[in-house]
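> Have a look at this prediction, sequence included:
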Amino acid sequence: MSANEDQEMELEALRSIYEGDESFRELSPVSFQYRIGENGDPKAFLIEVSWTETYPQTAPIISMNAFFNNTISSAVKQSILAKLQEEVEVNLGTAMTYTLFEYAKDNKEQFMENHHPVNSMTSISNITSVETPNPAPSSKKKDKKEQLSKTQKRKLADKTDHKGELPRGWNWVDVVK
C-alpha cells in the first residue's frame, strides 16, 4: 500500500471519528487541527498535525503555532511537542493522527501543569489591583492592556519570566505617574 492510500484511509477514518466534533478542524486533506480542552478552558490548546508525502512511514509535522496558543509559553509548547514526538516514534508506520489527538486529550492536565497564561488579562489586572491601593489606575491600566500591539505583548512576555509571573515592582513606576 502506498503512503497516499494509507493517508486516504486515515483521512476517511478521521472524518468519520470526528464528525460533529467541534474541536476538530480539517485545514486541508493532509493538515488537521484539534483543540484539546473545552472552549473557554484556560488550559485548552490547539495542536496541528500535517502529513508529509511519506507519512505515516515518516513523522507528521506537529505544530502549536496557532494563534489560539498565544498565551502558552514557548517552554510549555516545547514540552508538549516533545511528548507528542515520543508518541510519534512509537507509532511510526501506522496511522497516528487520531492517536496523537487522543494522547494529547488524555494527558492535557499533565501537559499544561506548568502553564500560566502569559498575556492573560486576569493575571495582569489582579497583580495591578494588589499592588495599587488606589483602584482608579488599575481600571485605566486594564483598558490600555487590551490594545497592546504584538511587539508590546512580546515585550510584556519578555518582562515576565515566561511563567507569567511578573517581577515584584514591575508596575510601580506607572503608579507614580
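Nice, thanks for sending it over.

> What ranges in the chain fall below the confidence cut-off?
For the chain, the stretches with pLDDT under 70 are 1, 117-177.

> So which residues of it form strands?
Along the chain, counting by DSSP state E, strands occupy 24-28, 31-36, 45-50, 61-63.

> closest to Lys77 out of these?
Nearest to Lys77 among these is strand 45-50; the distance by CB to CB comes to 8.1 Å. For glycine as for every other residue, the C-beta is placed from the backbone atoms N, C-alpha and C.

> residues in contact with that closest one?
27, 30-37, 60-66, 68-69, 72, 80, 84, 97, 100-101, 104, 108, 111-112 (CB atoms under 8 Å, 6 or more residues apart in numbering).

> Wait, Tyr103 touches Glu87, no?
Yes - assessed by CB atoms under 8 Å, Tyr103 is found in contact with Glu87 at 5.0 Å.

> Tell me which of these two has more neighbours.
Tyr103 (21 against 16; other CB atoms under 10 Å).

> Make TSV out of the strands of the chain and add mean neighbour count.
Below are the strands of the chain laid out as TSV (neighbours: other CB atoms under 10 Å):
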stretch	mean neighbour count
strand 24-28	13
strand 31-36	20
strand 45-50	21
strand 61-63	16
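
> how about those in TSV, adding distance to Glu10?
Formatted as TSV, the strands of the chain follow (distance: least, CB to CB, whole Å):
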stretch	distance to Glu10
strand 24-28	12
strand 31-36	10
strand 45-50	11
strand 61-63	15
